[in-house]
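Peer 1: Take a look and give me a structure for this.
(one chain, ligands or ions: 2)
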Amino acid sequence: MDPLRIDVPTPSRRYEIVIGDGILEQLAPLLDAAGAPKRRFVVSSPTVWKLHGDRFTEALTAEPILVPDGERYKQLSTVSRVYEALIRANADRASTLITFGGGVIGDLAGFAAASYLRGIALVHVPTTLLAQVDSAIGGKVGVNHTLGKNLIGAFHQPHAVVVDPAVLATLPRREFRAGLYEVVKYGMTSSPGLFERIARESSAIFARQPDVLTAIIAESCRIKGGVVAADERESGLRRILNFGHTAGHAIEAITKYRRFRHGEAVAFGMLVAADVAVARGALSGRDRQALADLITSLGPLPPIGDITTGQMLEVMYRDKKVIEGKLHFVLATTIGATAIVDDVTRKELKASLKRVGFKA
Ligand SMILES: NC(=O)c1ccc[n+]([C@@H]2O[C@H](COP(=O)([O-])OP(=O)(O)OC[C@H]3O[C@@H](n4cnc5c(N)ncnc54)[C@H](O)[C@@H]3O)[C@@H](O)[C@H]2O)c1
Ligand SMILES: [Zn+2]
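Peer 2: Ligands and ions are numbered 1, 2, ... in the order given. The predicted model follows:
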């Protein structure tokens, strides 16, 4: 089957997301076609390289730079290790940095590419579902600071994003599910067809059948690509992608990024956003139930019963999404559509948080 190609025409660069089962084999010609300079470096993690490094090196000659990939390594000292390897190898402006890993590798190595020599070419080859549908697209790169997540970063669009669903075969089930909640998010914000497909084909999805995975990944990439092309720097439309993220980020922060995978926290966040919408009459109870049923069907989530509504409100109002004291909140209005509002009151939020299961 021919690979699927999704055009991402952002103002700063136009590039393609190329998706296909086994497409990793065609990496070299794909990079040539994308105009990625010939001196090529790949940043990966020992975990990913051990599982898929052979397939990578069969496809492309590149000098591997391996760095650890837990969230705690997404920091400047790891970026510095990448710089060091690039400097030692005399990487120049005519070099391409390829990221081969999950969102952590993509973000941190992408930031190295954005800043080394004031920016060299970047290609993402994402290996987690989350990275394939989300973090590899849109040009946001960066690292955490000890005082907060994703505080240091840049916009640096890649020359290409190459997505091979076959690499997901080795992804731990929990990581896979965590990525799937972001796919549910795209369904909820932008695509009733995608939403229904996840519900209808969940067993084929969990069996990681290439054709079904390719279809849901491609639809997600189309949505994210379309949104970032229209709003590269997140001034308006791109905010719809934050559906479920206001409460989701708060859950992650309160539990110190240990208990929840990001997508799992977003799953609860979507339930909160849907509840607020139902209480305002913006969303039907039936659509909210369809969302809750789909989330439940995808498997268990970590508990939230010990997190208080007070803690949640405090953290949510500290968020970047608070502009002039007003919390910008993405509500679902039906499956496949959203509205951004800035007049959700603390009282409303508290009531929704309680109904979703947070501690009064
Ligand atoms: N830049 C963006 O726009 C954006 C968007 C969303 C998330 N993010 C960032 O992405 C990060 C999370 O990314 P993630 O969920 O991919 O986590 P991750 O990169 O930590 O990967 C999760 C785990 O999966 C392992 N792994 C990766 N690929 C594998 C494979 N094919 N088989 C087996 N194991 C594999 C990794 O070694 C790691 O242990 C966060 O830091 C988040 O801030 C960025
Ligand atoms: Zn997310």
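Peer 1: all contacts plus neighbour counts: C-alpha atoms, from now on.
Peer 2: OK.
Peer 1: List the contacts of the residue lying closest to D319 once chain neighbours are set aside.
Peer 2: Nearest residue to D319 in three dimensions, chain neighbours excluded: T246, at 7.6 Å (Cα to Cα, 6 or more residues apart in numbering). T246 makes contact with 269, 316, 319, 321, 329 under the criterion Cα atoms under 8 Å, 6 or more residues apart in numbering.
Peer 1: neighbours of the third one, just the number please.
Peer 2: I take that to be D319. The tally of other residues near D319 (other Cα atoms under 10 Å) stands at 15.
Peer 1: And the first one, by the same measure?
Peer 2: As a burial measure, G269 scores 24 neighbours (other Cα under 10 Å).
Peer 1: Tell me the gap between the helix or strand harbouring it and the middle of its chain.
Peer 2: Applying DSSP states H and E as the criterion places G269 in helix 262-279. Distance of helix 262-279 from its chain centroid, counting by Cα atoms, centre = their mean, to the nearest Å, is 17 Å.
Peer 1: what's the average pLDDT for it?
Peer 2: Throughout helix 262-279, pLDDT has a mean value of 98.
Peer 1: on that earlier part again, hmm, which of the contacts of T246 is lowest in pLDDT?
Peer 2: Ranking these by pLDDT, K321 lands last with 68.
Peer 1: element containing F100, please.
Peer 2: strand 95-101.
Peer 1: Please disregard the earlier target; I meant K350.
Peer 2: Take DSSP H and E as the rule and K350 turns out to sit in helix 346-356.
Peer 1: relative orientation of that helix and helix 262-279 in degrees?
Peer 2: 120 degrees (axes from the mean of the first three to the mean of the last three Cα atoms, to 10 degrees).
Peer 1: Give me the buried stretch members for helix 346-356, please.
Peer 2: 349-353, 356 (16 or more other Cα atoms under 10 Å).
Peer 1: Contacts for it next, please.
Peer 2: Residues from elsewhere that reach helix 346-356 (Cα under 8 Å, 6+ apart): 268, 271-272, 275-276, 309-310, 313, 360.
Peer 1: Show me what the mean pLDDT comes to for that helix.
Peer 2: Averaged across helix 346-356, pLDDT comes to 96.
Peer 1: coming back round to it: show me what the strand holding F100 is packed against.
Peer 2: strand 39-44, helix 103-115, strand 121-126 (3 or more Cα pairs under 8 Å, 6 or more residues apart in numbering; DSSP states H and E).
Peer 1: Any chance of CSV for the ones you listed, columns mean neighbour count?
Peer 2: Below are these laid out as CSV (neighbours: other Cα atoms under 10 Å):
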stretch, mean neighbour count
strand 39-44, 23
helix 103-115, 28
strand 121-126, 27
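Peer 1: What residue in the stretch 151-300 of the chain comes nearest to ligand 1?
Peer 2: L171 (3.6 Å; Cα to the nearest ligand atom).
Peer 1: any idea how far that residue is from D69?
Peer 2: Separation of L171 from D69 (Cα to Cα, to the nearest Å): 14 Å.
Peer 1: When these two are compared, which one has more neighbours?
Peer 2: A direct count of neighbours by other Cα under 10 Å for L171 and D69 places D69 higher, at 21 against 15.
Peer 1: So that one lies in a helix, does it not?
Peer 2: No - going by DSSP: H, G, I helix; E, B strand; the rest coil, the assignment for D69 is coil, not a helix.
Peer 1: Provide the contact partners of the worst-scoring helix or strand of the chain on mean pLDDT at residue level.
Peer 2: Across the helices and strands of the chain, mean confidence by mean pLDDT, DSSP states H and E is lowest for strand 322-323: a mean of 74. Applying Cα under 8 Å, 6+ apart, the set of residues contacting strand 322-323 from outside is H328.
Peer 1: Same question for stretch 252-264.
Peer 2: With Cα under 8 Å, 6+ apart as the test, stretch 252-264 has contacts from 175, 177-182, 248-249, 251, 265, 301-302, 307, 311-312, 315.
Peer 1: what does the model give the spatially most central residue of the chain for pLDDT?
Peer 2: The residue lying closest to the centre of the chain (Cα atoms, centre = their mean) is D134, at 3.1 Å. We have a pLDDT of 98 for D134.
Peer 1: Quick check: the residue of the stretch 151-300 of the chain closest to ligand 1 touching T128?
Peer 2: Yes - L171 is in contact with T128 according to Cα atoms under 8 Å; the separation is 6.8 Å.
Peer 1: Overlap of the contact sets of the two?
Peer 2: By Cα under 8 Å, 6+ apart, no residue touches both L171 and T128.
Peer 1: related to what we said a few turns ago, so for T146, which of the helices and strands packed on strand 95-101 sits nearest?
Peer 2: Across the helices and strands packed on strand 95-101, T146 has its closest neighbour in helix 103-115 (14.9 Å, Cα to Cα).
Peer 1: So is that closest one next to ligand 1?
Peer 2: Yes - Helix 103-115 is in contact with ligand 1 by Cα under 6 Å from any ligand atom, via 103-105, 107.
Peer 1: Pipe those into a markdown table and attach pLDDT and distance to D2 per row.
Peer 2: Putting the residues of helix 103-115 next to ligand 1 into a markdown table (pLDDT from 0 to 100; distance: Cα to Cα, whole Å) gives the following:
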| residue | pLDDT | distance to D2 |
| --- | --- | --- |
| G103 | 98 | 26 |
| V104 | 98 | 29 |
| I105 | 98 | 28 |
| D107 | 98 | 29 |
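Peer 1: No further questions, thank you.
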